[in-house]
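Q: below is the structure, and that's it, no one-letter string:
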């Protein structure tokens, strides 16, 4: 397949299905330098769809490396006010937001001081960005294959093979990708409906290294990634294979073992194990990147509590590839996962209208970060426990079985 | 020479001599995607010199192309408010500004509608940027060699040869480039002093296709590119071989022929000829790009009047290469030039404190653009005419002869 053609197909899917971009909207694209080919295709397609302006902000991890290495401690976390303004205005004006992942060098920061990397997170900017995803913008996150990413996945820079894996994961190998997405989202929504019909009080996770109980909120619902913002339906992640909800940030206890490496701030965290008590992570260990994850979840009050739980059937398109992508967007759609940090407010009707202290009082977590990690595998079982104490299988051996 | 080493040498020169960056300053870098290797080296060097933050804004000409091709007419000139804020705050906070040239594809926009290209100039942003150079920031403009630019200059992507030409033009081939720059600037300042001592009323340009009279302001001075902003001395262009001043925007008459192609908004303008009357360009013709230059100088009231005249000895380091660089930073330092648009206010003491209408009344041009074009050659003669009518040679056959 010609490179130009596959970029155009992908751009069409992103603009029409992922973003559902409307005429007159502004589109902000956040990506890395290495994503330029896809950013250009999306920009051209977006203008074709009537975009008022397409604003591509290219991040450069090497410039960021120099910043983290050398800047004065006090200046580490500074958020450039014009970048905050850029996102605020996008929200105020009802724009659309596209994030591209596909880290060309997931371990670039692994030699740096983990505490400095965590503090260099531009907290104000991150928080502003998170707010956009709470009903202000139609947004999506997709991946752009790069040779560096291919090197990480395959041990060789096989860009063609990575493109084929990505195209399959996002259903670009279907004759009518748009129709395939409508059918797929309907499947996920049916799964979410079954969970919602049960009104479980608690989930129980059991697997190797995992024995975890997660309390659910009476007011939360299970959702697919088909989101709606200002009346515009959009798919917040592509691929997406999950159904997810917000847990009660006070009622999480037990141990959990990550089943995939986690790419975090330019470092890979491998062999992560966490013990929770009363909702808070109180013990954290990892074979690699332990310092990084510890510093990360110390970023703010809510960073060590859960903001999301998501269930993924291991037969998903991503899971079937058998690959570890070292990219959360993909790996979280191969396996069930949970996330430190901010709750996904769309799963708690009315929550985005509540003041933060009221959300806190109701067990809805707040944080400037949202960091997923994967805990699903062929050996994971998840059950739902109803208010009356009945335990009902949801996942068995990684397969969704709830009817 | 190793690639890393030549980037580091260049970055050191840019930070220490071009910008003269001070500890605690913020540095904004405006460049293209293709300039990433140099931007990264400069960022690392700037942090080493104590920069508070280095903000690299990567422009993408292909995204801009899509914008110019497809956006609604009313949205063509929109300046993103966050980019305006970025520059305003840089000026308010006394930051430093680096611009990188070296267009990887100088004719990318040549197939587009010239009127739309000219209107897509983001006038508010350009004007904000120009104001920074009027004493608010220490700034410099330098070139980053790219394969695309090498292709344009040599007809083949000989990046090594272009690097050697650039290194020589910016004196990186000297044993102590910093010392070489101090000596070179002293030479140019002596040339400016000789011109200032004469207090010419008018300049007369004569050469093939050129017979031009330019009135000078009683209050203006000739300067080199050694500029001073908030007490920080910096070299505004590297290379620089010119001495320049602001003409009386009302007293320009006659004809002038460009001697180099002019790279303008992604189009090359070749064979440009202009006739001035009472300061205004009233006839414009070109072999190529005529529509583009016509639209360009119709951008605002001052765009068809001159804001700068500059004298360059043809034996300059750039001139001696014998190359046409298709890049104004280089070509303007190979040959005498004049500029449409904004006056360079540092050459008119006190002018930056005057309100715009007062500057206008004194013949100091205002515009949101500043576009140099080259008129020097081995056949150009320039004379100065004193108030008493005495005519004194300044350039003969392209060589500076004024003592």
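A: Done, it's in. What you see is a predicted model; the values in this text were computed from it and never measured. Numbers count the residues shown, from 1 in each chain, chains lettered A, B, ... in the order given.

Q: who's in contact with stretch A:112-123?
A: Judged by C-beta atoms under 8 Å, 6 or more residues apart in numbering or on different chains, the contacts made with stretch A:112-123 from elsewhere in the structure are A:64-65, A:67-69, A:71, A:73, A:76-80, A:83, A:109, A:265-267, A:289, A:291-292, A:294-296, A:298-300, A:368-369. C-beta coordinates here come from the backbone N, C-alpha and C atoms, glycine included.

Q: name the nearest residue to the residue of the stretch 201-350 of chain A found nearest chain B, sequence neighbours excluded.
A: Scanning the stretch 201-350 of chain A for the residue nearest chain B gives residue A:266, at 15.0 Å (criterion: C-beta to the nearest C-beta). With C-beta to C-beta, 6 or more residues apart in numbering or on different chains as the criterion, residue A:266 has its nearest non-adjacent residue at 2.7 Å, and that residue is residue A:109.

Q: by how many degrees do the helix or strand containing residue A:56 and strand B:53-59 diverge?
A: Applying DSSP states H and E as the criterion places residue A:56 in strand A:53-59. For strand A:53-59 and strand B:53-59, the angle between their directions (axes from the mean of the first three to the mean of the last three C-alpha atoms, to 10 degrees) works out to 130 degrees.

Q: in strand A:53-59, what's buried?
A: A:53, A:54, A:55, A:56, A:58 (16 or more other C-beta atoms under 10 Å in any protein chain shown).

Q: what is the nearest of the residues you listed to chain B?
A: Proximity to chain B was ranked across the buried residues of strand A:53-59 by C-beta to the nearest C-beta; first place goes to residue A:58, at 4.0 Å.

Q: okay, and the beta partners of that closest one?
A: Residues found in beta-bridge contact with residue A:58 (criterion: DSSP bridges) are residue A:31.

Q: a helix runs through residue A:164, doesn't it?
A: Yes - with DSSP: H, G, I helix; E, B strand; the rest coil as the criterion, residue A:164 is part of a helix.

Q: got the buried residues of strand A:53-59 as JSON lines, with pLDDT columns?
A: Listed next are those as JSON lines, based on pLDDT from 0 to 100:
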{"residue": "A:53", "pLDDT": "98"}
{"residue": "A:54", "pLDDT": "98"}
{"residue": "A:55", "pLDDT": "97"}
{"residue": "A:56", "pLDDT": "98"}
{"residue": "A:58", "pLDDT": "98"}
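
Q: still on that earlier bit, what's the following helix or strand after the strand holding residue A:56?
A: Stepping forward along the backbone from strand A:53-59, the first helix or strand reached (DSSP H and E) is helix A:61-70.

Q: please see if that next one touches chain B.
A: Yes - Helix A:61-70 comes into contact with chain B when judged by C-beta under 8 Å from any C-beta of the partner chain, the residues involved being A:62, A:63, A:66, A:67, A:69, A:70.

Q: okay if I get those residues as a markdown table plus distance to residue B:169?
A: Below are the residues of helix A:61-70 next to chain B laid out as a markdown table (distance: C-beta to C-beta, whole Å):
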| residue | distance to residue B:169 |
| --- | --- |
| A:62 | 26 |
| A:63 | 26 |
| A:66 | 27 |
| A:67 | 30 |
| A:69 | 32 |
| A:70 | 30 |
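
Q: as CSV, those residues with neighbour count would be great.
A: Converted to CSV, these look like this (neighbours: other C-beta atoms under 10 Å in any protein chain shown):
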residue, neighbour count
A:62, 18
A:63, 22
A:66, 21
A:67, 22
A:69, 17
A:70, 18
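
Q: ok, those vs residue B:31, which is closest?
A: residue A:63 (11.1 Å; C-beta to C-beta).

Q: ok, now which ones touch the closest residue to the closest one other than its chain neighbours?
A: With sequence-adjacent residues excluded and distances taken as C-beta to C-beta, 6+ apart, residue A:63 is closest to residue B:43, at 4.5 Å. For residue B:43, the residues meeting the contact criterion (C-beta under 8 Å, 6+ apart) are A:62, A:63, A:66, A:67, B:27, B:29, B:54, B:56.

Q: farthest-separated two in these?
A: Longest span within those, C-beta to C-beta: A:62 and B:27, 15.4 Å.

Q: re the thing from before, from residue B:361, how far off is the residue nearest to residue A:266?
A: Counting by C-beta to C-beta, to the nearest Å, the gap from residue A:109 to residue B:361 is 57 Å.

Q: the two: which has the busier surroundings?
A: When residue A:109 and residue B:361 are compared for neighbours, residue A:109 comes out ahead with 22 against 11, by other C-beta atoms under 10 Å in any protein chain shown.

Q: got a list of contacts for the strand holding residue A:56?
A: With C-beta under 8 Å, 6+ apart as the test, strand A:53-59 has contacts from A:26-33, A:35-36, A:39, A:42-43, A:46-47, A:83, A:86, B:33, B:58, B:60, B:63, B:66-67, B:71, B:75, B:78, B:80.

Q: quick one, what contacts residue A:149?
A: For residue A:149, the contacting residues are A:102, A:103, A:104, A:106, A:143, A:162, A:326, A:327, taking C-beta under 8 Å, 6+ apart as the criterion.

Q: can you redo those residues as TSV with secondary structure and neighbour count?
A: Output for the contacts of residue A:149, formatted as TSV (DSSP: H, G, I helix; E, B strand; the rest coil; neighbours: other C-beta atoms under 10 Å in any protein chain shown):
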residue	secondary structure	neighbour count
A:102	coil	25
A:103	coil	21
A:104	coil	19
A:106	coil	24
A:143	strand	26
A:162	helix	23
A:326	coil	18
A:327	coil	18
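
Q: where is pLDDT lowest across the residues you listed?
A: Least confident by pLDDT among the contacts of residue A:149: that is residue A:106, with 84.

Q: residues in contact with residue A:283?
A: Contacts for residue A:283 (C-beta under 8 Å, 6+ apart) come out as A:273, A:274, A:275.

Q: which one of those residues sits in the busiest neighbourhood?
A: Highest neighbour count within the contacts of residue A:283, by other C-beta under 10 Å: residue A:274, with 26 neighbours.

Q: what's the helix or strand for it?
A: For residue A:274, the element it lies in under DSSP H and E is strand A:273-277.

Q: buried residues, the following helix or strand past that strand. List them.
A: The helix or strand immediately downstream of strand A:273-277 is strand A:280-285, counting by DSSP H and E. By 16+ other C-beta under 10 Å, the buried positions in strand A:280-285 come out as A:280, A:281, A:284.

Q: quick check, pLDDT for the first one.
A: In the prediction, the pLDDT value recorded for residue A:280 is 98.

Q: before we move on, what about the last one?
A: On the pLDDT scale, residue A:284 is placed at 97.

Q: which ones are touching it?
A: Shown in contact with residue A:284 (C-beta under 8 Å, 6+ apart): A:272, A:273, A:274, A:275, A:290, A:293, A:294, A:297.

Q: quick check: closest non-adjacent residue to the fifth one.
A: The spatially closest residue to residue A:290, leaving aside those adjacent along the chain, is residue A:284, at 7.0 Å (C-beta to C-beta, 6+ apart).

Q: doesn't residue A:85 lie inside a helix?
A: Yes - residue assignment for residue A:85, taken from three-state DSSP, places it within a helix.

Q: residue A:124 contacts residue A:83, correct?
A: No - no contact is recorded between residue A:124 and residue A:83 when judged using C-beta atoms under 8 Å, the distance being 9.2 Å.

Q: between the two, which one's more packed in?
A: More neighbours surround residue A:83 than the other of residue A:124 and residue A:83, with 20 against 16 (other C-beta under 10 Å).

Q: still on that earlier bit, want to throw the contacts of residue B:43 into TSV with distance to residue A:334?
A: Supplementary listing: those in TSV, determined by distance: C-beta to C-beta, whole Å:
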residue	distance to residue A:334
A:62	30
A:63	32
A:66	34
A:67	33
B:27	42
B:29	39
B:54	37
B:56	34
